[in-house]
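> Please work out how this folds:
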Amino acid sequence: MFSIELTEGAQLRPLEPWQAEEFLAHMDRARATLDPWIPWASVSADLASATATLQRYADGTAQDGKRLFGIWLDGVLVGGTMFVAFDVKSGNCEVGVWLEPSATGRGLITRAARALIDWAFTVRGLHRAEWHCNPDNIASSNVARRLGMTREGLLRESFPWQGKRNDSEIWAVLASEWKSGPQ
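Numbers count the residues shown, from 1 in each chain. Take a look at the predicted model:
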């Protein structure tokens, strides 16, 4: 197992099916904050569904695809980051993040996302990293900016969630920009 220190007391490490109880407890604390922005947050509502969520990502990792990592602060799971999509053949990935309110304002999400993007570019040789978010989620857009991403466009009413069609901003950074950009 690996662990990356994000700040003193905060680590990024794999989040796996055997941690479903801890993940469910975290989702229970974070769900009200996450539900407006992340459709999968409400999917993990009991131990079976939390385990299934983690298993989908474990299966994706085994297929060299999507991956899921948790952020632990002082030993408590408080958020995470993931490769929503990871396609070596095309050279593209999409990074997603979440954090419960108790851990905001510490730069954990930016550091965690930076670690994933850096790995995708420097270790795996990917070409492009994307960030998708609802334009009303200003905190998420701000992370994309801090990562040095460029807002490439808006997909209008691109996905249904909570009884309405939602827009999605697309941000991206290319490997060539990353090498000369934020570190």
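
> What does residue 104 show for phi and psi?
Residue 104 adopts backbone torsions of phi -70, psi 160, taken as degrees, to the nearest 10.

> Next one, pLDDT for it please.
Looking at residue 104, its pLDDT stands at 93.

> Could you do residue 32 as well?
pLDDT, residue 32: 88.

> Next, the buried residues of the helix or strand where it lies.
Taking DSSP states H and E as the criterion, residue 32 maps to helix 20-34. By 16 or more other CB atoms under 10 Å, the buried positions in helix 20-34 come out as 20, 23-24, 26-27, 29-30, 33-34. Backbone N, C-alpha and C define where each C-beta goes, glycine included.

> what's the closest of the residues you listed to residue 75?
residue 26 (12.3 Å; CB to CB).

> Now do the phi/psi pair for the residue sitting furthest away from the middle of the chain.
Seen from the C-alpha centroid of the chain, the residue lying at the greatest distance (CA atoms, centre = their mean) is residue 163, 23.7 Å away. The phi/psi pair for residue 163 (degrees, to the nearest 10) reads phi 80, psi 10.

> what's the pLDDT at it?
Residue-level confidence at residue 163 comes out at 87, pLDDT.

> helices and strands of the chain: which one bottoms out on pLDDT?
helix 175-180 (a mean of 82; mean pLDDT, DSSP states H and E).

> What helices and strands are in contact with that one?
Judged by 3 or more CB pairs under 8 Å, 6 or more residues apart in numbering; DSSP states H and E, the packing partners of helix 175-180 are helix 108-122.

> before we move on, the earlier item: among the buried residues of helix 20-34, which one sits closest to residue 8?
Distances from residue 8 to the buried residues of helix 20-34, taken by CB to CB, are shortest for residue 26, at 20.7 Å.

> doesn't residue 78 make contact with that closest one?
Yes: here residue 26 reaches residue 78: they are 6.9 Å apart, a contact under CB atoms under 8 Å.
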